[in-house]
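Asker: next come a sequence and a model predicted from it.
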Number of protein chains: 2
Amino acid sequence: MAERKIVSGLERVFNPESVAVIGASHTFGKWGHLILSNILAGGYQGKIFPVNPKEKEICGLTVYRDTVDIPGPVDLAFVTTPASTVLSVLASCAEKGIKGVVMITSGFSETGEDGRRLEKEVASFCLKNGLILIGPNTMGIIHPQAGLFATGSHTRPREGKVAFISQSGNLGLQLIHWAEQQGIGVSLFVGSGNEAMLTCTDYLEYLEDDPGTDIVILYIESVGDGRRFIETVGRVNRVKPVIVLKGGRSEAGQAAAASHTGSMAGNALLFKAACRQAGLLDVSVPSTLLDLSAGFSSLPWPAGNRVGIVTLGGGWGVVTADQCGEKGLAVPEIPRSIVDTISKYLPPFWSHGNPVDLVGTRDREVPIVAVEELLKWDGIDAVITLGIVGRTELVRSLVQSTRLVDPTISPEFLDSVEAFATGYEKRYIESIVELMERYEKPVLGVSLAKTDEGTVRPVDGRRYSAVFYKTPENAVEVLSRMVEYQRFVRGR
Amino acid sequence: MAERKIVSGLERVFNPESVAVIGASHTFGKWGHLILSNILAGGYQGKIFPVNPKEKEICGLTVYRDTVDIPGPVDLAFVTTPASTVLSVLASCAEKGIKGVVMITSGFSETGEDGRRLEKEVASFCLKNGLILIGPNTMGIIHPQAGLFATGSHTRPREGKVAFISQSGNLGLQLIHWAEQQGIGVSLFVGSGNEAMLTCTDYLEYLEDDPGTDIVILYIESVGDGRRFIETVGRVNRVKPVIVLKGGRSEAGQAAAASHTGSMAGNALLFKAACRQAGLLDVSVPSTLLDLSAGFSSLPWPAGNRVGIVTLGGGWGVVTADQCGEKGLAVPEIPRSIVDTISKYLPPFWSHGNPVDLVGTRDREVPIVAVEELLKWDGIDAVITLGIVGRTELVRSLVQSTRLVDPTISPEFLDSVEAFATGYEKRYIESIVELMERYEKPVLGVSLAKTDEGTVRPVDGRRYSAVFYKTPENAVEVLSRMVEYQRFVRGR
């Protein structure tokens, strides 16, 4: 547990004007090369100083023999040298007046008694010398706002409002990789590693006041100071939703966690109860963390649990309604006036109710009309749409095989069909985002497609982003959690 | 409900030597063009006869004025003309001696009383004249073995052992589209439509004896003859797993289903109980149908519920062990001898237990060694591996940014790194498939990546295929369902 002033010093650490990479290497695949090349390729705009007594130049940068040889101040150092060297490395860092150290180096408490002793020495040296220590045995940090991508994995999510704190480096980085693929904006990633000085609870305290962060994602296996953690996380959660995945919930998982981060079993049920009291959103699988991140950071909050469903095909409406029912969401009947408006656009055999089944229509206007009619009505708090965006994938197969077998249909016409489908999706997304802003109600899209463009689709100049999940269960889960969080916040 | 001899006639209908498309059109986007161009582009090898009194040639094929004008016999007709014409169309079909009709045409019982009456007339005409009727209001059929892709959606899964029967056309076709993307082999797809003559139960009876089908996927909203359905599905399930998604489980879903397929609520709980007694695998979301299809059709069956986990990173091992615990799978401790063998390849701080945490090793041999050690041991029934295949995606980002920032690393070297990663995955997959054959135990892969190459990775000449899910929860769910089905079958 770190003191308050150390936590407040994190702001400078995450926004360094200059960084050193101690143990920088020219060997592809080594940590000292992975981190340095990532910082460079990520476009970090501050000064970068590689340190290695045996090198002259790496990636076109001058290399310094020792940290103390670096000309000018250094805010943050990344350390990748072996565990046996870190005490002398830290001495140089202290002498140089460095503010913080991200210690990638492993071989500490995770390896046994000797490592544990060394780790304690490292932590107490840092404390005594006013050095902020992240790690050791961390996979690094990412702070897109500072253009700082300093992990071994070369994945670079866009800047946004979601902070990820993870006690597992590989799991955390995989989440960040998915965040990048899904278009989820990230404010901060920290692999907390062995937490010799700063713990998850400290990062939470930092995030509480971080204006760049609206939502916190937490992967934890164990917390040293359970009471302080629960107090802190509960306080943060009142203003910023905290979404937690706890590793080691089952007996088998606890055994695995014990050998992974040395987590003592603790009482999973007790932890769960404490989380519930604090109103935390706990999830049981990592991918849900991403789904919630996408929705929470992109959509207006629903005022209640009443859902309107707009679907291109009846079957999808049925399974989505079922899932709503099973997750505590209501799918109310809609008034005559809405039915009448939508009827103007559809053949007489459409569903005449909620779910609004557009019976496969190719009319371009009615999906938007239906969504707006539902949003307008005060009996609905949110809308889920299915299959409207995502059709392009199917259009593409159709166009492709038509090219093969029907020479009477001109290639130009087929090009225009494909272009129209893509253009339509773009316009549709713009309309949805505009409608969310006008009515302050969330619209969750389900694409049913691979959505290579990502889950989150931002629109320039708009407060909210459109969100398209692959399947209805993703959308229903996210919406039910939004309702749950709103209830908790308002019910207090 | 159809008579037994009609069901047996389905074999000819699904393996036609010649087909007619009645209502064939030259207009892109119309059903009469969608179906015809799909049959052509799909490579159907039988004769194809378009029928339309107003056309001379479509897609390079001679068009016939009337069905009776077609020279030579016709086994199967696809009908896309308006509902008002179908009785005379069917008269022609009967006169021509056609065996079966896939009636795409909508506007029957789903539109109200008049439609219901017409549908009855259609069905009784077909029965009287020995015409097998699929639909009406169906989105078509797919029978890869016959090279017959006859739906409006131009998606063409590879041939395989999984049959899909769906009361919702759009949902069913979406599942088939996903099956294609995931590499799942399909034996048959039928959109059962309004089921004027043939019902889901009839298709089940057909599949019971179909040598091409090992696994049956069913999407249903309602069954007319509940008792016969339950009897039939129970009988089929004893020899071929039947995986069911029932639409209309919740009140909201039932309301939606009523307006979709006219399904009467029935009693969802009663249905569920009956399914359980029949040992059916019921699922609540469509994507699970695909996950189960992939695993059931590719892997050997597990003899019990004991799982070995092999992971590149500790966090993933922990969450996977948790999920196993929550789904009734055991993650037993492994004997000293296995620990010793694996220890030869890994640094001393590896997990020394199950999950086997390979602590991010880059050793290429140990993942295979670990998997084989576990499979060999009679205390394990199945293995789940995480992150071994899928790394290529991360290697690619790394290579790409290294190219940008480090001119001292040659492009040829970076090419070789990427090629090696891809080649390694291929060899790894071959080993896994070979090991499954040798030990007759399933190995479920988790890629943690987008896996554009699909979930199922067949290897030439091998009985089983490798399977890679994106997330551990998919793999754990599939394995737990395999265990459940095996228990049911053996427990009888």
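Answerer: Received the coordinates, thanks. Numbering: from 1, shown residues only, chains lettered A, B, ... in the order given.

Asker: which helix runs longest in chain A?
Answerer: helix A:411-439 (DSSP state H).

Asker: run through the neighbouring helices and strands of it.
Answerer: helix A:366-376, helix A:391-405, strand A:443-446, strand A:466-469 (3 or more Cβ pairs under 8 Å, 6 or more residues apart in numbering or on different chains; DSSP states H and E). (Each C-beta comes from the backbone N, C-alpha and C, glycine too.)

Asker: lowest-confidence stretch among the ones you listed?
Answerer: Lowest mean pLDDT within the helices and strands packed on helix A:411-439: helix A:391-405, at a mean of 92.

Asker: please identify the buried residues of it?
Answerer: The neighbour-count check on helix A:391-405 (16 or more other Cβ atoms under 10 Å in any protein chain shown) flags A:391, A:392, A:393, A:394, A:395, A:397, A:398, A:399, A:401, A:402, A:405 as buried.

Asker: which of those are close to chain B?
Answerer: Restricting these to those near chain B by Cβ under 8 Å from any Cβ of the partner chain leaves A:393, A:394, A:397, A:398, A:401, A:402, A:405.

Asker: what's across from the residue lying closest to residue A:292 once chain neighbours are set aside in the sheet?
Answerer: Of all residues beyond its chain neighbours, the one nearest residue A:292 is residue A:243 (5.2 Å), with distances taken as Cβ to Cβ, 6 or more residues apart in numbering or on different chains. Beta bridges link residue A:243 to residue A:217, residue A:281, judged by DSSP bridges.

Asker: may I have stretch A:78-88 as CSV, with CA atoms only?
Answerer: C-alpha atoms of stretch A:78-88 as CSV (Å, rounded to 0.1, in the frame of the first residue of the first chain):
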residue,chain,number,x,y,z
PHE,A,78,11.4,1.2,-18.0
VAL,A,79,13.7,-1.5,-16.6
THR,A,80,14.2,-4.7,-18.4
THR,A,81,17.6,-5.8,-17.0
PRO,A,82,17.9,-9.1,-15.0
ALA,A,83,16.7,-9.1,-11.4
SER,A,84,20.3,-9.3,-10.1
THR,A,85,21.0,-5.9,-11.5
VAL,A,86,17.9,-3.9,-10.4
LEU,A,87,19.2,-2.6,-7.1
SER,A,88,22.1,-0.9,-8.8
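
Asker: contacts made by it with the rest, please.
Answerer: Applying Cβ atoms under 8 Å, 6 or more residues apart in numbering or on different chains, the external contacts of stretch A:78-88 come out as A:19-25, A:30-32, A:35, A:89-90, A:93, A:101-108, A:115, A:118, A:121-122, A:125, A:136, A:140, A:150.

Asker: kindly report the same for stretch A:45-64.
Answerer: Contacts of stretch A:45-64 (Cβ under 8 Å, 6+ apart): A:16-26, A:32-33, A:36-37, A:39-40, A:65-67, A:70, A:72, A:74-75, A:146-147, B:405-408.

Asker: can you do 7 Å?
Answerer: Residues outside stretch A:45-64 that contact it (Cβ atoms under 7 Å, 6 or more residues apart in numbering or on different chains) are A:16-26, A:36-37, A:39-40, A:65-67, A:70, A:74, A:147, B:405-406.

Asker: could you tell me which residues of the stretch 301-450 of chain A lie near chain B?
Answerer: Residues of the stretch 301-450 of chain A found near chain B (Cβ under 7 Å from any Cβ of the partner chain) are A:312-319, A:321-326, A:331, A:348-349, A:351-353, A:355, A:357, A:360, A:394, A:397-398, A:401-402, A:404-406, A:408-409, A:448, A:450.

Asker: ok, residue A:74 to residue B:405 distance?
Answerer: 20 Å (Cβ to Cβ, to the nearest Å).

Asker: residue ranges with poor pLDDT in the stretch 151-300 of chain A?
Answerer: Along the stretch 151-300 of chain A, segments meeting pLDDT under 70 span A:261-267.

Asker: hang on, the earlier thing: closest to residue A:282 among the buried residues of helix A:391-405?
Answerer: Comparing the buried residues of helix A:391-405 against residue A:282 with Cβ to Cβ places residue A:393 closest, at 34.1 Å.

Asker: disregarding residues adjacent in the polypeptide, which is nearest to the residue of chain A positioned farthest from its centre?
Answerer: Within chain A, the residue lying farthest from the chain centre (Cα atoms, centre = their mean) is residue A:408, at 48.5 Å. In this structure, residue A:408 finds its nearest non-sequential neighbour in residue B:26, 6.3 Å apart by Cβ to Cβ, 6+ apart.

Asker: surely that neighbour touches residue A:407?
Answerer: No: counting by Cβ atoms under 7 Å, residue B:26 stays clear of residue A:407, with 11.2 Å between them.

Asker: tell me which helix or strand comes right after the lengthiest strand in chain A.
Answerer: Assignment by DSSP state E gives strand A:159-166 as the longest strand of chain A. Using DSSP states H and E, the helix or strand that follows strand A:159-166 in sequence is helix A:169-182.

Asker: quick check: next helix or strand after that next one?
Answerer: Helix A:169-182 is succeeded, C-terminally, by strand A:186-191 (DSSP H and E).

Asker: given that next one, what are its sheet partners and their directions?
Answerer: By DSSP bridges, strand A:186-191 pairs with strand A:140-143 (antiparallel), strand A:159-166 (parallel).

Asker: quick one on the thing from earlier: tell me the contacts of the residue nearest to residue A:408?
Answerer: A:408, B:33, B:55, B:58.

Asker: just the endpoints, please. Distance across stretch A:341-350?
Answerer: 12 Å (Cα to Cα, to the nearest Å).

Asker: ok, now stretch A:324-344?
Answerer: The stretch stretch A:324-344 measures 28 Å between its terminal residues, going by Cα to Cα.

Asker: what about it, distance to the chain center?
Answerer: Distance, stretch centre to chain centre, for stretch A:324-344: 32 Å (Cα atoms, centre = their mean, to the nearest Å).

Asker: which residues sit against it?
Answerer: A:305-307, A:309, A:321, A:352-356, A:366, A:369-370, A:373, A:377, A:379, A:476-477, A:479-480, A:483, B:250-253, B:284.

Asker: list the buried ones in that stretch?
Answerer: Applying 16+ other Cβ under 10 Å to stretch A:324-344 flags A:324, A:325, A:326, A:327, A:329, A:330, A:331, A:332, A:334, A:338, A:339, A:342 as buried.

Asker: confirm the last one sits in a helix?
Answerer: By that I understand residue A:342. Yes: looking at residue A:342 with DSSP: H, G, I helix; E, B strand; the rest coil, it is inside a helix.

Asker: distance of it from residue A:361?
Answerer: 10 Å.

Asker: so residue A:194 is in contact with residue A:137, correct?
Answerer: Yes: counting by Cβ under 7 Å, residue A:194 touches residue A:137, with 4.7 Å between them.

Asker: anything in contact with each of the two?
Answerer: A:108, A:110.

Asker: re the thing from before, over to the residue nearest to residue A:408. Which of the three states is it?
Answerer: Residue B:26 - assigned by three-state DSSP - is coil.

Asker: and what of residue A:49?
Answerer: Quick answer, by three-state DSSP: residue A:49 is strand.
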